[in-house]
Every structure is written in C-alpha cells, then in structure tokens.
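[1] sharing a sequence plus its predicted fold:
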Amino acid sequence: MAHIGIIVGSLRHASFTKKVAQTFAKLAPADLDPVLIPIGDLPLYNEDAEVPTPPASWTAFREAVAEVDGVWFFTPEYNRGLPAALKNALDVASRPYGKNVWAGKPALVVSVSPGAIGGFGANMQLRQSLTFLDMPVLQQPEAYIGGISKLLTEDGIVQGTQDYFALIIDKYADFYRQLKK
C-alpha cells in the first residue's frame with residue numbers, strides 16, 4: 001500500500017481546489033492510500049527559526065511529508081502563480097539545507113481555476129519548484145481543471161469529470177509503480 005500525501009494550496013474551507021482533491025481521493029485505486037497533509041498552520045519559513053527546536057508545526061509537517069511515498073499537489077492560481085501558502089509548504093519541508101523530505105517522492109500536479117486556462121501559470125510554477133526539490137513529476141496527462149465553478153453541484157460534487165480524473169489517477173499509479181520497481 002502506497003501512502004500518498006495530498007497537499008491543497010487553497011486555505012479556504014470550501015475551496016474548489018479542496019473539492020477536486022477530495023474527489024481524487026475518492027477515486028484512488030485500492031493500492032494508493034491518499035492522506036491529506038494540511039498546510040494552513042505553517043508559519044512563514046524564516047531560516048532564523050531553524051533552531052534546535054523549530055516551530056512545532058514545521059516539525060509535524062516535515063514528519064508527515066517524510067512518511068508518505070508520493071504526493072498529489074492541488075493548486076489554485078493566484079495572479080498567474082502559486083498561492084503563498086503552497087510555496088511556503090514547499091520551503092518548510094525542503095529545509096534545513098540537506099534535509100529535503102520531498103526528494104524522490106513521485107508527484108502529481110493538478111491546478112484548478114474558474115478561468116478557461118485552468119491555472120496554467122500555477123501548474124508550471126509548481127512543476128519548476130518540484131524539479132529543484134528532486135521530485136519526479138507525472139508529465140502526461142497534464143491536469144489543468146478550468147471552468148471549475150461550472151463543474152460543481154450545490155453539494156460541491158465535481159460533475160462530468162470523473163472519467164478524466166480517473167485517467168489522471170491511473171496514469172499516476174502506473175508512473176508511481178514504474179518508479180518504485
């Protein structure tokens with residue numbers, strides 16, 4: 001059983017991005033166990049706080065990331081880029097220097113937007129950071145979920161996209177298995 005961390009870049013309780021992540025988790029195959037790793041309580045990364053006892057939330061977050069076998073990132077796009085909370089989470093778990101807990105974990109990037117281009121800027125910016133963090137990233141299919149507000153019901157269930165989401169998850173599962181052979 002592979003434990004897959006889910007990182008959601010939006011902090012809003014009822015965010016579209018979180019609803020997409022929850023739908024992905026429900027569609028995961030039996031050999032992948034998705035686990036949400038919250039990022040909302042992480043103080044901004046500041047190297048001055050890298051003391052013998054760093055902030056407890058940093059330590060807990062680093063331990064949670066270290067315990068998963070792969071990571072699914074779900075991000076909205078803010079001003080053509082990543083949300084600050086997601087970039088901060090990347091920084092917190094990659095530090096202190098030499099203790100990057102992201103390294104080697106197969107990643108999936110899904111961007112979500114009400115706009116037509118589906119968070120392209122955030123998706124590409126996140127991929128760039130993940131390359132530096134030594135995370136192999138699923139290249140195809142690319143996962144840009146545009147027009148998200150039209151895909152949700154009043155209950156928040158993503159409509160008409162389950163087949164596409166399942167395709168992405170299946171490709172990630174194959175990618176993960178190939179890397180872990």
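    Looks like it came in fine.

[2] okay, CA-based contacts and neighbour counts for the rest of this
    Will do.

[3] on the three-state scheme, D91 is what?
    Three-state call for D91 (DSSP: H, G, I helix; E, B strand; the rest coil): helix.

[4] does it really touch Y45, like I thought?
    Yes. Counting by C-alpha atoms under 8 Å, D91 touches Y45, with 6.6 Å between them.

[5] in the protein, what spans have low per-residue confidence?
    Of all residues in the chain, none has pLDDT under 70.

[6] can you give me the strands in it?
    Counting by DSSP state E, the chain has these strands, from start to end: 2-8, 32-36, 70-76, 107-112, 143-145.

[7] got those as a markdown table, with distance to S129 and mean neighbour count columns?
    Listed next are the strands of the chain as a markdown table, based on distance: least, C-alpha to C-alpha, whole Å; neighbours: other C-alpha atoms under 10 Å:
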| stretch | distance to S129 | mean neighbour count |
| --- | --- | --- |
| strand 2-8 | 14 | 22 |
| strand 32-36 | 20 | 18 |
| strand 70-76 | 12 | 26 |
| strand 107-112 | 11 | 27 |
| strand 143-145 | 17 | 22 |
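
[8] so for A85, which of these sits nearest?
    Closest to A85 of the strands of the chain, according to C-alpha to C-alpha: strand 2-8, at 9.3 Å.

[9] what lines up beside the closest one in the sheet?
    strand 32-36 (parallel), strand 70-76 (parallel) (DSSP bridges).

[10] gap between T75 and S149?
    T75 is 15 Å from S149, where distance means C-alpha to C-alpha, to the nearest Å.
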